[in-house]
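Novice: Take this sequence and fold it.
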Amino acid sequence: MSAADFRKLADLFPNETVTHSYVQDIELPPVDGKSPGTFALVTLDNGLDHSKPTTLGPNTLIELGTVLEGLRERAARGEIAGVGVTGKPYFLVAGADLSTVKSVSGREQGLWMAQLGHDVYSTLANLGVPSFAFINGLALGGGLEIALQSTYRTVSSGAGALALPEAFIGLIPGWGGVYILPRLIGPENALKVMIENPLSNNRTLTGPQAYELGVADAMFEPADFVEQSVAWAAQVLAGAVAPERTNAVDPSDADVAARWAAAIAKGRAFVEAKTSNASPAPAKVLDVMDANRTLTQAQSAALECETLADLMQTDEFRSTVYAFLDLVQRRAKRPAGAPDRKLARPVTKIGVVGAGLMASQLALLLARQLKVPVVLTDIDQARVDKGVGYVHAEVDKLLAKGRISPDAANRTRGLVTGSVSKEAFADADFVIEAVFEELNVKKQVFKEVEAIVSPECILATNTSSLSVTAMAEDLEHPERLVGFHFFNPVAVMPLLEIVRAPKTDDAVLATAFELAKGLKKSAVLVKDAPAFVVNRVLLRLMGEVTAAFDEGTPAEVADNALRPMGLPMTPFVLGAMVGLPVAQHVQESLHAAFPDRFTVSGNLQALIDNGVKSIWAAQNGTPENGAVRSDPGGKPFIPAESLALMSFGSTPSTGEEVLRRTQDALAEEIGLMLEEGVVAGPEDIDLCMILGAGWPMFLGGITPYLDRVGASERTNGRKFLAPGVASAPAVCNPAASDPAASDPAVSDPA
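Specialist: Below you'll find the model as predicted:
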């Protein structure tokens, strides 16, 4: 590919936020009385503050390549002894510009993008003098590959988020990482970085972890990181320091070849368990890593480029970018329908009704994140003491793990108190209930609380399925009640469904959204409708699979029918984790509202009535804490005593039939939810499923998947999303990389 082709590619993206390459000459400090020479330090900076990470697009890469070519010429003339690359504060580089990558208009341009990166990085690796990467902060994907292509690397002990997350976003580490990393830190460690971490909620490495693995040769403190790194580079260039790489391997060695093969096999098993191979990218990472054990770096580069070009055209990649960039990074920060934040009221004290597990989790989160007093109440002192005790014990665990300071631990313990009297809420600004999921119980709670609190105090319910409108009907001020639905575990799950009843006012909603932001949760505005979003979708899915089971479909067929979707767990395992009684209760609420679409399983009720916690048992044991045990080699089965409680029909289905039935049911339900105005658009349903149910990014939530498999058109006569939102554009136009082109606010809800 020629320089003219690269420039042609870059010209297609005039709106790219360019990361510039600034060069500074530094006279290296003397070593043993003699300076090693002049050092050229390249700083990558887009000129924006820390909220706008540096990224790599075609124009950025061309500028970096031009700068590196100039440095190679200077090195040939003997003007410089070494070259370093670092970033603006907190960042080396956050990786490729996903908006740009998503907008390439065809395979050829995707191939150009991949080749451009390799061309630039090859220059860095072949400057004629040693190159150094000073990893001062976040380094993801192509950002970390800049470091890997350098001769030597240092890392800040304060650096966070070092990763090759491409398997997570539907690509491969395509600019040399998949070739270099296994050789640098060993195939097993490379597997962890390139497969296990990305597919485990996109886990990343800290600076110390990266140093421990051998990704970096030296580690320095953040305060004077660049100065220390330059001094270390001088030592290396003078020959006074020779970094040891104890994890590095030679893949031509027979023992290493065996380890390499074992790592690939382990990786394939991990991918199958995590994704059911529903996304092509993780398997491609392993394919390239497997092949390049015997390839030269140039041969691997060619394979990486071809693979990247293919993956950029997949709907799974486009769905991932839609989910990650358009939804999680953008829409979640600008919730559709949220009132003006200026209407929000100050919240200086919070009450929590109940002191059970959910209430205690809420109290801990509220106190830790908002740093305001939180008071728990319950019907007797023993329950109150247990709830407060739970909070204190969890704080002690956080302290023991070093996740909070002793001062923060003491402050959090002091903020959470308990009382058997709701009079403790008299000066509260916000009171949330987390009591038994029964409408009359919750109505009674709010009646008692309203008699005590001020007229301005906001009342919130954590209900998962009950009508917020019904809860408010007997209140003197129904406009003060809002749904504030957390997901379990409260500290981990990022979604908050904020439920607006017909009379909920804007100031209450604005306060709820500001609290969500303070809690570091992503909030979605939801209309008061049965089970809101996540539970309505999940229960429709679980209901179809359970119905097929009740009709006579073998359990293993019914429960594994949805594996092609790559969901985090099967429906029966999900039911056990949630708790069969809880799932059945929500199903009953939905059946009452929509009896033709949500059925209540008599078989599940029989298990619940007899104290059975899960449909499945395991060969070497019984379910513990409502979940199926995963004993090595154990295959789940239904115990004879459970089978004796159930009865089945005589119309079994195949796995393919159950899958199609479920796809169509989900398309129907989501279509109806959008007609009802439960949320502003399909993007919000996708965001809810990703953040509230842990659905994989490569599905794009749910609606892109239903569009892709034809369920949307089979059921509703049209797709949920417009072409190009989470799929290939109908008309190829890479100039649509205008930021507005990927803004979900301008996508067609049809």
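Novice: Which residue would you name as the spatial centre of the chain?
Specialist: Of all residues in the chain, the one closest to the mean position by CA atoms, centre = their mean is Asn201, 5.3 Å from it.
Novice: So that residue versus Ala665, what's the distance?
Specialist: 28 Å (CB to CB, to the nearest Å). (C-beta placed from N, C-alpha, C; glycine too.)
Novice: coming back round to it: need the per-residue pLDDT for the residue nearest to the centre of the chain.
Specialist: In this model, Asn201 is scored at 87, pLDDT.
Novice: Please confirm that it is located within a strand.
Specialist: No - checked against DSSP: H, G, I helix; E, B strand; the rest coil, Asn201 lies outside a strand; its state is coil.
Novice: Look up phi and psi at it.
Specialist: In terms of degrees, to the nearest 10, the main-chain angles of Asn201 are phi 60, psi 30.
Novice: How much space separates it from Lys520?
Specialist: Separation of Asn201 from Lys520 (CB to CB): 15 Å.
Novice: for Ser103, same thing?
Specialist: Note on Ser103: its distance to Lys520, by CB to CB, is 30 Å.
Novice: out of those two, which sits in the more crowded spot?
Specialist: Of the pair Ser103 and Lys520, Ser103 is the one with more neighbours under other CB atoms under 10 Å, namely 25 against 10.
Novice: pretty sure that one contacts Phe13?
Specialist: Yes - between Ser103 and Phe13 there is a contact at 7.3 Å, judged by CB atoms under 8 Å.
Novice: Could I get the contacting residues of Ile608?
Specialist: Residues in contact with Ile608 (CB atoms under 8 Å, 6 or more residues apart in numbering) are Leu580, Pro581, Gln584.
Novice: From the contact counts, what lies against the helix or strand encompassing Gly414?
Specialist: Applying DSSP states H and E as the criterion places Gly414 in helix 406-415. Judged by 3 or more CB pairs under 8 Å, 6 or more residues apart in numbering; DSSP states H and E, the packing partners of helix 406-415 are helix 357-370, helix 381-400.
Novice: Tell me where the stretch 251-400 of the chain has strands.
Specialist: When assigned using DSSP state E, counting those that start in this stretch, the strands of the stretch 251-400 of the chain occupy the ranges 350-353, 374-377.
Novice: nearest to Ser467, of the ones you listed?
Specialist: Nearest to Ser467 among these is strand 350-353 (18.1 Å), distances taken as CB to CB.
Novice: what stretches of the stretch 551-700 of the chain score poorly on pLDDT?
Specialist: Residues of the stretch 551-700 of the chain meeting the criterion pLDDT under 70: 618-634.
Novice: now with 80?
Specialist: Within the stretch 551-700 of the chain, the stretches with pLDDT under 80 are 618-635.
Novice: Next, the buried residues of stretch 190-201.
Specialist: The neighbour-count check on stretch 190-201 (16 or more other CB atoms under 10 Å) flags Ala190, Leu191, Lys192, Val193, Met194, Ile195, Glu196, Asn197, Pro198, Leu199 as buried.
Novice: ugh, wrong one, I meant stretch 33-50
Specialist: Residues of stretch 33-50 classed as buried: Pro36, Gly37, Phe39, Ala40, Leu41, Val42, Thr43, Leu44, Asp45, Asn46 (neighbour count, 16+ other CB under 10 Å).
Novice: List the buried residues in stretch 89-104.
Specialist: In stretch 89-104, counting by 16+ other CB under 10 Å, buried: 90-104.
Novice: Put the alpha carbons of that stretch into CSV.
Specialist: Below are the C-alpha coordinates for stretch 89-104, written out as CSV (Å, rounded to 0.1, in the frame of the first residue of the first chain):
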residue,chain,number,x,y,z
PRO,A,89,-1.1,13.1,31.8
TYR,A,90,-3.0,9.9,32.7
PHE,A,91,-2.7,8.4,29.2
LEU,A,92,-0.3,6.7,26.9
VAL,A,93,-3.0,6.1,24.3
ALA,A,94,-6.5,4.7,24.7
GLY,A,95,-6.2,2.7,21.4
ALA,A,96,-7.8,3.0,18.0
ASP,A,97,-10.5,5.6,17.4
LEU,A,98,-13.5,3.2,17.4
SER,A,99,-15.7,5.8,15.6
THR,A,100,-13.2,5.8,12.8
VAL,A,101,-12.8,2.0,12.7
LYS,A,102,-16.6,1.5,12.7
SER,A,103,-17.0,3.9,9.8
VAL,A,104,-14.6,2.3,7.3
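Novice: Sounds good, over and out.
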